[in-house]
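Chemist: Here is my input, please return the structure:
(chains A and B)
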Protein chains: 2
Amino acid sequence: MTMTNPMSTATERTSSDLERIARVGLSRVVEPGDPAALEAFDGMSVLEIWELLRSGAPRTERWSMRLANTDPERDLERAQLAGGRFVIPGDAEWPEQIEVLADAGQQARRGGVPFGLWVRGEADLRQALEKSVAVVGSRACSSYGEHAAAELSAGLADNQVTVVSGGAYGVDAAAHRGALAASGLTIAVLACGVDVSYPKRNTALFDRIAAEGLILSELPPGCSPTRLRFLARNRLIAASTLGTLVVEAAVRSGALNSAGWAEQCGRAVLAVPGPITSRMSEGAHLLVRERNAVLVTSIADILEAIAPLGTELTPYPHAPAEPTDGFDLEVRRTLDAVPVLRPAPAARIAVTAGLDTATVQQCLETLAEATLIEHTPTGWRLSPTHRRALGTT
Amino acid sequence: MTMTNPMSTATERTSSDLERIARVGLSRVVEPGDPAALEAFDGMSVLEIWELLRSGAPRTERWSMRLANTDPERDLERAQLAGGRFVIPGDAEWPEQIEVLADAGQQARRGGVPFGLWVRGEADLRQALEKSVAVVGSRACSSYGEHAAAELSAGLADNQVTVVSGGAYGVDAAAHRGALAASGLTIAVLACGVDVSYPKRNTALFDRIAAEGLILSELPPGCSPTRLRFLARNRLIAASTLGTLVVEAAVRSGALNSAGWAEQCGRAVLAVPGPITSRMSEGAHLLVRERNAVLVTSIADILEAIAPLGTELTPYPHAPAEPTDGFDLEVRRTLDAVPVLRPAPAARIAVTAGLDTATVQQCLETLAEATLIEHTPTGWRLSPTHRRALGTT
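Modeler: Numbering: from 1, shown residues only, chains lettered A, B, ... in the order given. As a prediction, the model looks like this:
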């Protein structure tokens, strides 16, 4: 299937034009992820569903009653005026990974693949999502959560990973801003039309995202958010990305709903730990404890979690170097036997170390040169600096 | 075997008296967990080892050279003067669980069951350790680490769990103090004699622990700490307890060494998360990520992790109640369809909810009574308080 011009006139319409029109119309009359629609239209093609509703068939009133206010051509025009377009399966830009929702919907309350995606911004949607991570969390986050979201998102951008979030206050906004600050790609997935600014105070942020990244929604232009649409939106965020990172979230929150969708879609579920004294970190901790989420503390952790199997990874910085790393076993055994504070003569240290006094004497000199130990009138002990480095003072 | 008086004179010595004397002597001439001793004395009884060293046998010089300064009777007297005693296998107070170190020692660098335990304080050692958790971490901890250690330890004490730690500054001291503040049992396991105050500034704390709990060591009276003894002490802390809780620890630290021992001894390894911006939490996060430690955020988490299988547990507080919990499905579906901010008439909400208008009208009234939604001249929307509760404002 080739890309067609959605603005082509009725007389030159191809079958894919008709499908596009049907998908636009269905995106207005069927609520995102509506479970009743999933059941009623099971196994039917988009054109079949569209014709069924337009025929006024019985038991389709809950959808067909919306047809009176539905005008696909006008929706496409409205989107175009706002700099938007409508992407459907078969288009070069269509992100096929979201079709996982066809299966995820079977077990879940509100699954289903969107009829199409409304997109605002110049980037190629499919390419932008190819290496992407959702960064989500509480609107009422702490300054720690805001900081962590911005820093990790900037780091993802530095590694050519697109940051996807929901455009809300708090963690979402910090994630978008972090990615933009690092000149990276970011996508805001909304629970309203791509031409609607919700929340209002993020209008400037949305404009910047549209200019440098993408605004995405399955709802046609002009739609307002509802709680149901927020929940359906979460499934799209989870399905679009390689993994969902929960930065800060209360135990019952939209971010945990997103994490649940990521799990159902077979995506990585990642969580940022925080202080146990912070309610805002309870959700992330719950995910690690009870839902096997990966605890992440750095960009390296995230990249590892989303890397395809067999990809070579930068080594994880396990442990810093120690001053004793270069020494041979006898020197280290001698150091282990040197008293922390109360000095001991070489002979006593030799007994503790299980080495002969001559060997220990040599080792002590090596250690003294490295300023790890010091000599006092009554014998040897750790130097003040090494004592501090050990944390034993 | 019955308990014998360690102060009995030579003429009335029984075989268990002789074993006790041998164990006191060996606790002075063999360093805790000395791998060479484990190898050289493999399969020998304590009395056989003691006789071998006293016979001046070849290749035992590294131990027998210490015999000149070894006087078991005097060590027992010294301990008694400091309010201490020496507990050996077979004594009613001996905590048998530490014998796991006989096996743990096989794979590890410094294993081995202590020859005996020097104990200061009135509590029964075995009983005190029966339900116990090690709370360990950095000396140079943050105020968050100190707070978490004290709070969790007080909570353990409230649940009749003994708090075991190493008597150091930072997390250790906070753990002991937290347990004492809750009038609980706490045990300081030292890398020096039970009559030695190291670090000095904790002297008052040690005296209080000895008065209300126990001071424990496998080193005889008067011994000073060395780094090697700190490491060997960690194995004793891990083996004595049901689990080791790492509160705050750098990536390379004694606390992670303790966690490693806990793992080898088949004990629970627990870690407290913290901000990813804090170096002091790196060790705990590493344990969760790479060594499968249980992330704990509350007393309930710790109790669950150390509970024997099949024990009934207090339910984990998964999610707070929501204002909509009591409503039936239609009311909740209506609420889901009410716009957050821009009001909609009942008919439009009915379409979104997929319900008939009469039903929705009833549901809207129920929701308005519960102050979850509000009526405006242009229709219904969420009430300001519910909007805030959702975090969507």
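Chemist: Flag every buried residue along the helix or strand hosting residue A:290.
Modeler: Following DSSP states H and E, one finds residue A:290 within helix A:282-291. Within helix A:282-291, the residues that count as buried by 16 or more other Cβ atoms under 10 Å in any protein chain shown are A:282-289. From N, CA and C alone the C-beta is placed, and that goes for glycine too.
Chemist: can you narrow those to ones near chain B?
Modeler: Under the cut-off given by Cβ under 8 Å from any Cβ of the partner chain, chain B has A:282, A:285-286, A:288-289 from those close to it.
Chemist: quick one: which of the residues you listed is nearest to residue A:244?
Modeler: residue A:288 (13.6 Å; Cβ to Cβ).
Chemist: Export the buried residues of helix A:282-291 as TSV, with columns for distance to residue A:229.
Modeler: Shown next, in TSV, are those (distance: Cβ to Cβ, whole Å):
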residue	distance to residue A:229
A:282	26
A:283	21
A:284	25
A:285	28
A:286	25
A:287	24
A:288	29
A:289	30
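Chemist: what sits against residue A:30?
Modeler: A:37, A:63, A:115 (Cβ atoms under 8 Å, 6 or more residues apart in numbering or on different chains).
Chemist: now the closest residue to the second one other than its chain neighbours: how far from residue A:326?
Modeler: Once its chain neighbours are removed from consideration, residue A:63 has its nearest residue in residue A:29; the separation is 4.8 Å (Cβ to Cβ, 6 or more residues apart in numbering or on different chains). With the distance defined as Cβ to Cβ, to the nearest Å, residue A:29 ends up 72 Å from residue A:326.
Chemist: Between the two, which is the more surrounded one?
Modeler: Ranked by neighbour count (other Cβ atoms under 10 Å in any protein chain shown), residue A:29 and residue A:326 place residue A:29 first, with 24 against 10.
Chemist: Tell me the spacing between the more buried one and residue A:37.
Modeler: When residue A:29 is compared with residue A:37 (using Cβ to Cβ), they lie 9 Å apart.
Chemist: Need the overlap of contacts for the two.
Modeler: Joint contacts of residue A:29 and residue A:37 (Cβ under 8 Å, 6+ apart) are residue A:63.
Chemist: quick revisit: which of the contacts of residue A:30 fall within strands?
Modeler: Residues of these located in strands (DSSP state E): none.
Chemist: pLDDT-wise, what's the bottom of those residues?
Modeler: Lowest pLDDT of the contacts of residue A:30: residue A:37, 90.
Chemist: got a pLDDT number for the closest residue to that one other than its chain neighbours?
Modeler: Spatial nearest neighbour of residue A:37, chain neighbours left out: residue A:30 (4.7 Å); criterion: Cβ to Cβ, 6+ apart. With respect to pLDDT, residue A:30 scores 94.
Chemist: for the one 10 residues further on, same thing?
Modeler: For residue A:40, the model assigns a pLDDT of 89.
Chemist: got it, and residue A:190?
Modeler: For residue A:190, pLDDT reads 98.
Chemist: same check, this time on the one 5 residues further on
Modeler: The confidence metric pLDDT takes the value 96 at residue A:195.
Chemist: Do I have it right that it meets residue A:75?
Modeler: No - here residue A:195 does not reach residue A:75: they are 10.5 Å apart, not a contact under Cβ atoms under 8 Å.
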